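J.: Task: produce atomic coordinates for the following.
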Amino acid sequence: MAEHKARWLHRWLSSIGADALPDQLRHELKALDERFGVMDSPLEPTKRMTTWSGPNSPITIDEMSVMSPTELAVHLESWHSTAQRVGPEPSHEGQGRELTTLLTSNPQAIAGLENLVDRLRPTYLRAILRGWEAALKAGLDLDWDTAVELVGDVLAHDDESAFPHEGDEFDDDVDFRGAKQAAVGLLEEVVKDGGGVTAPEGAMARFADLLIASADDEKAWSDYSSETRESGMDPLTLSLNWQWPMRVRGLVHLMTRDREATWYERARAALERELARDDMRGASRAVLGEMLGRLLNIDKSWAEQNIPRWFGTAAGTTTDQQIALSTAIAVHHYHQMLYALLSGPMLAVLAADEPIAVGWNSHQSAPVQRIGEWVIEAIIRGDKDIDDLVARAFFSTVSAKERGEAIAHIAWTFMHAERVDDDIRDRFGALWDERVDHVRNHPEDREELNGFFWFVRSKKFQTEWWLPRLKEAAALDPHLAGKRYMIGKEIASAADVDPRTAFDVLTLLLDSHEGPAMAVHELTRNALPMVLARAIDSSDEALSAEATQYMNQLGEQGHLGLEGEVNAVLEGAITQADVEG
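T.: Predicted coordinates:
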């Protein structure tokens, strides 16, 4: 009843109007609002949340798709934005995105149109070029004559646009810079070798000329080199987002397409001119590292001559050279020739007192670790031995943790390989034994053993090989139990082969106070009952007694169902197949 009266009083006071109420009544009205959660208080602004999506188009992609090329061009050049920026009003950017989507699946939607650079806003030109680039990646043919004309006209145009800007800065391109970057991006895609679509010979020659000559844009270099805002992008990512380094990559693609082509020498000369610039942001150097393999394939002699200048020597490396090297070893798989060519720069990096400049931050391995992975690959493939200069530098100067991460990564790749040659496996096993021998003599380097669980999980090594080595690694390196490995099933299976060593390994791992809860739980669930059962049932009376005592000890610590699980294994109710399943 009191609440009903209060709500009636609230409605009556509200009907009078908040501005007309005395201060005391205004306070009482507000108190009623707070007490009963009334939403229509006249004393407070209504709290509303409005959302919308965008940018939006005045017409849908379906409506665009039924237009002829001429009708579509007329619509694009005649439509104007009237957005007042209050809500999700249609914009040129929104319509441009629909246009890109249309041309991605139907690049012929504007086939045969001419003089588009004077008819359409740069927003739409950018959209067309992006759509064509996506169509090429999807394996669709372009109207090559229209494409050549539009790319050439866009690159030849001044940056300034004659079209009045409509909407805010995100609704309509204020100049031609975005369209020019899209034009270079399309050129890069067109000249790539090995794509699903190839331009006719005449069109390809014209595209090559455009990339070599028309795309030689000092303004693009100035925009890129003078940018001082911190973007957070690494050099390789920068090379994908700025017009100037995109052209550098395009020139490499053009060179590697056909060494016998008429444009080859001009493309190489243009690339050399661009690489001579003082690129403080490093994008062109990241492109060099990324494209090194292609350059070696197309012109090995020329590329090899430039290795010291591009990547450095054993005597030292500059920041530019470190960016190129770190990108090269990040994006390329190990190769004997690459290892030989880059050994000098890798030695310089390993000898550096400070962290080196990184060309690609998103790669899972840091540059020094990646060098170690190449070293290990060289050794296990039989190309080098432990006395190789780079190998000796890696294992003698790099921290034990980084050495261990390199070894672990190669073992991880074994797990994902369908098969591993016996010779490669055996050399890797021999390298492991050599590193364990080092840790025996240098216990402070025990972190080098942290990744041995990947040897176990790879299933490329026999149980008789890995089980005693796992035992020694766990004894030498208490941190081994602190890894979030999941090898309980493998240890359970190993108990059929060697119950004594399997029991010793399991107790070493479980008794470590550094193991995370997940790892302990996995070992307890998947390994403990099977290993204890095999130990108790073994012909080794001492082992059987130890296992029984350990089971009882764990039971006293709270593992109340453990004895029942062990008995289920002994009685055959739980088998190895159940564990592995």
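J.: burial count for the spatially closest residue to I329 that is not a sequence neighbour?
T.: With sequence-adjacent residues excluded and distances taken as C-beta to C-beta, 6 or more residues apart in numbering, I329 is closest to R370, at 4.8 Å. The C-beta positions use only the backbone N, C-alpha and C, and glycine is treated the same way. As a burial measure, R370 scores 23 neighbours (other C-beta atoms under 10 Å).
J.: cool, the one 10 residues further on as well?
T.: Burial of I380, expressed as a neighbour count using other C-beta under 10 Å, amounts to 23.
J.: E304 now?
T.: For E304, the neighbour count with other C-beta under 10 Å is 13.
J.: Against L341, how distant is it?
T.: In this view, E304 and L341 are 7 Å apart by C-beta to C-beta, to the nearest Å.
J.: Just after the strand or helix carrying L295, pick out the following helix or strand.
T.: In this assignment (DSSP states H and E), L295 forms part of helix 283-298. With elements assigned by DSSP H and E, the helix or strand that comes after helix 283-298 is helix 300-311.
J.: hmm, back to that, what do E304 and L341 both touch?
T.: L296 (C-beta atoms under 8 Å, 6 or more residues apart in numbering).
J.: Just list the residues touching the closest residue to S231 other than its chain neighbours, thanks.
T.: Counting by C-beta to C-beta, 6+ apart, S231 lies nearest to L238, which is 7.3 Å off, once chain neighbours are set aside. By C-beta under 8 Å, 6+ apart, the contact set of L238 is S231, P245, R281, G282, A283, A286.
J.: I'd like these as JSON lines, with neighbour count and distance to E418 appended.
T.: Below are the contacts of L238 laid out as JSON lines (neighbours: other C-beta atoms under 10 Å; distance: C-beta to C-beta, whole Å):
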{"residue": "S231", "neighbour count": "11", "distance to E418": "41"}
{"residue": "P245", "neighbour count": "27", "distance to E418": "37"}
{"residue": "R281", "neighbour count": "19", "distance to E418": "41"}
{"residue": "G282", "neighbour count": "25", "distance to E418": "38"}
{"residue": "A283", "neighbour count": "28", "distance to E418": "37"}
{"residue": "A286", "neighbour count": "32", "distance to E418": "32"}
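J.: quick one: secondary structure of the spatially most central residue of the chain?
T.: What sits nearest the mean C-alpha location of the chain, by C-alpha atoms, centre = their mean, is S362, with 5.0 Å. Classification of S362 by DSSP: H, G, I helix; E, B strand; the rest coil places it in coil.
J.: Wait, it touches P235, no?
T.: No. Taking C-beta atoms under 8 Å as the definition, S362 is not a contact partner of P235, at 11.7 Å.
J.: Could you measure from A203 over to G250?
T.: According to C-beta to C-beta, A203 stands 16 Å off from G250.
J.: so who does Q364 touch?
T.: Contacts of Q364 (C-beta under 8 Å, 6+ apart): H409.
J.: Tell me how far it lies from E405.
T.: Using C-beta to C-beta, Q364 is found at 10 Å from E405.
J.: again with V349
T.: On the measure of C-beta to C-beta, V349 and E405 end up 16 Å apart.
J.: now do R500
T.: 32 Å.
J.: Of the two, give the one with the bigger neighbour count.
T.: E405 (22 against 18).
J.: Can you read off the pLDDT for the nearest residue to that one once chain neighbours are set aside?
T.: Ranked by C-beta to C-beta, 6+ apart and with sequence neighbours excluded, the top spatial neighbour of E405 is Q369, at 5.2 Å. With respect to pLDDT, Q369 has a value of 95.
J.: Send me the helix or strand R440 falls within as PDB with only the CA atoms.
T.: Taking DSSP H and E as the definition, R440 sits inside helix 422-441. Below are the C-alpha coordinates for helix 422-441, written out as PDB (Å, rounded to 0.1, in the frame of the first residue of the first chain):
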ATOM      1  CA  ASP A 422      65.400 -42.300 -39.700                       C
ATOM      2  CA  ASP A 423      68.700 -40.500 -40.400                       C
ATOM      3  CA  ILE A 424      67.300 -37.200 -39.400                       C
ATOM      4  CA  ARG A 425      65.600 -38.600 -36.300                       C
ATOM      5  CA  ASP A 426      68.800 -40.300 -35.200                       C
ATOM      6  CA  ARG A 427      70.900 -37.100 -35.700                       C
ATOM      7  CA  PHE A 428      68.400 -35.200 -33.700                       C
ATOM      8  CA  GLY A 429      68.600 -37.800 -30.900                       C
ATOM      9  CA  ALA A 430      72.400 -37.600 -31.000                       C
ATOM     10  CA  LEU A 431      72.300 -33.800 -30.700                       C
ATOM     11  CA  TRP A 432      70.000 -34.200 -27.700                       C
ATOM     12  CA  ASP A 433      72.500 -36.500 -26.000                       C
ATOM     13  CA  GLU A 434      75.300 -34.000 -26.700                       C
ATOM     14  CA  ARG A 435      73.300 -31.200 -25.100                       C
ATOM     15  CA  VAL A 436      72.400 -33.400 -22.100                       C
ATOM     16  CA  ASP A 437      76.100 -34.100 -21.600                       C
ATOM     17  CA  HIS A 438      76.700 -30.400 -21.600                       C
ATOM     18  CA  VAL A 439      74.100 -29.900 -18.900                       C
ATOM     19  CA  ARG A 440      75.600 -32.600 -16.800                       C
ATOM     20  CA  ASN A 441      78.800 -30.600 -16.700                       C
END
